[in-house]
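Asker: Quick one: sequence and predicted model below, then my questions.
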Amino acid sequence: MKFTMKATLAGAFALGLSATASVAQDVTLRCQHFLPPKGSTPLYFMTPWAEKIEKDSGGRIKVELYPAMQLGGKPQALYDQIRDGVIDCGWALPAYTPGRFPEAEAFELPFMTARNAEASSKAAWEFSEKYLMERMGDVKLLAVHVHGPGVIHKKGEPVMALSDFEGLKLRGPSRQANTLFETLGATPVGMPLPTFPESLSKGVVEGGVIPWEIVPPLKVHELADSHTEIPGDRSLYNTFFIWAMNKDTYAGLPDDLKAVIDANSGLEASAWAGASFDKGDVIGREIVAGTDNKIHELDPELVAEIRAMGDKQVEAWAADMTSKGLDGEGMVAYAKELVAKHSAQ
């Protein structure tokens with residue numbers, strides 16, 4: 001964070017008078033993420049959020065956004081960069097450091113989240129208020145969110161049957177997604193999003209899962225031949241994201257500027273971030289539908305079969321969390337309750 005202090009003392013000391021300096025304070029926040037600048041989150045959430053912060057602060061806060069890790073480091077390091085003050089704020093994925101934030105996995109479990117990212121992101125924020133504020137207490141959480149329905153993108157023919165997963169080298173974003181893919185018979189390959197296109201082009205993987213919104217910015221539709229959607233009222237998997245600020249940076253702000261940050265944080269900011277994915281999914285799918293690539297929707301009976309496998313994974317996760325001293329069953333129940341509540345609104 002960079003401060004510029006401007007004070008006018010009006011010759012008070014020359015007059016031998018005690019006076020209070022009139023201080024105008026300008027703050028620059030440097031915020032980093034790993035997405036391309038044309039991704040839905042930068043376009044429809046981060047940039048408008050930055051503009052609103054500047055407007056609400058009367059220009060006293062300037063937010064600089066650095067896409068594609070322009071300030072250095074790897075996506076896996078973003079949480080620590082925020083915590084340590086390498087950057088003032090940023091966008092991080094707990095899943096990129098497996099085991100460090102186990103509570104966040106509740107929203108990455110199979111068929112946990114709704115297909116609407118805005119609704120599920122509201123649920124994720126309320127869940128975080130109960131289960132993650134202590135675990136992530138070394139940063140200032142501004143928003144948490146998830147994405148829309150994940151889609152299977154691959155070279156060759158689309159996934160149409162359970163047997164099509166057998167041996168398929170499939171990029172996954174998280175421990176829970178990879179566990180599900182392994183159960184389905186695939187060979188999961190965990191990797192951060194930015195490495196997926198190159199891995200697909202070089203044959204390191206045969207396909208992968210990402211939502212529609214990021215397909216055009218990464219040009220995945222130019223590398224893949226087919227795309228498989230999973231119908232139903234819940235998403236096959238999901239990924240939990242945080243938009244956070246360095247605690248010392250926040251603490252160093254005057255109260256009126258803290259109020260600006262606070263007014264643009266929390267439930268509504270989380271919903272805004274989720275909605276950016278919903279908007280991007282519509283645009284991304286339309287672009288891909290305009291190509292010669294195949295778009296296939298899995299048969300509902302197959303989805304029900306996969307969902308039953310996912311249910312067993314959820315039970316196993318809850319038991320594992322309980323064995324580690326966490327409220328496994330409580331987290332699952334609360335996450336389901338919140339998703340249902342916000343999906344009904």
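Answerer: Alright, I've got the coordinates.
Asker: does the closest residue to Asp88 other than its chain neighbours have beta-bridge partners, and which?
Answerer: Spatial nearest neighbour of Asp88, chain neighbours left out: Leu29 (4.2 Å); criterion: C-beta to C-beta, 6 or more residues apart in numbering. For the C-beta atoms, the positions are set from N, CA and C on the backbone; glycine is no exception. Applying DSSP bridges to Leu29 gives these bridge partners: Val63.
Asker: Please identify the buried residues of the host helix or strand of Pro48?
Answerer: Using DSSP states H and E, Pro48 sits in helix 47-56. For helix 47-56, burial by neighbour count (16 or more other C-beta atoms under 10 Å) applies to 49-50, 52-54, 56.
Asker: now stretch 292-300
Answerer: Under 16+ other C-beta under 10 Å, the buried positions of stretch 292-300 are 293, 298.
Asker: can I get the CA coordinates of that stretch in CSV?
Answerer: Extracted in CSV, the C-alpha atoms of stretch 292-300 (Å, rounded to 0.1, in the frame of the first residue of the first chain):
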residue,chain,number,x,y,z
ASP,A,292,-18.1,-26.7,-35.0
ASN,A,293,-17.3,-28.2,-31.6
LYS,A,294,-19.8,-30.7,-30.2
ILE,A,295,-21.8,-29.9,-27.1
HIS,A,296,-23.3,-32.9,-25.4
GLU,A,297,-25.5,-33.1,-22.3
LEU,A,298,-25.2,-36.2,-20.2
ASP,A,299,-28.2,-38.4,-19.8
PRO,A,300,-30.1,-37.7,-16.6
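Asker: And the contacts of it?
Answerer: Residues from elsewhere that reach stretch 292-300, judged by C-beta atoms under 8 Å, 6 or more residues apart in numbering: 157-160, 221, 224-232, 285, 288-289, 306.
Asker: what does the domain assignment say about this protein?
Answerer: Structural domains assigned to the chain are 27-147+239-282, 150-236+291-344, following the TED database.
Asker: Pick the most deeply packed of those domains.
Answerer: domain 27-147+239-282 (a mean of 20; mean count of other C-beta atoms under 10 Å).
Asker: Can you get me the centre-to-centre distance for that domain and its chain?
Answerer: Here domain 27-147+239-282 is found 7 Å from its chain centre; the criterion is C-alpha atoms, centre = their mean, to the nearest Å.
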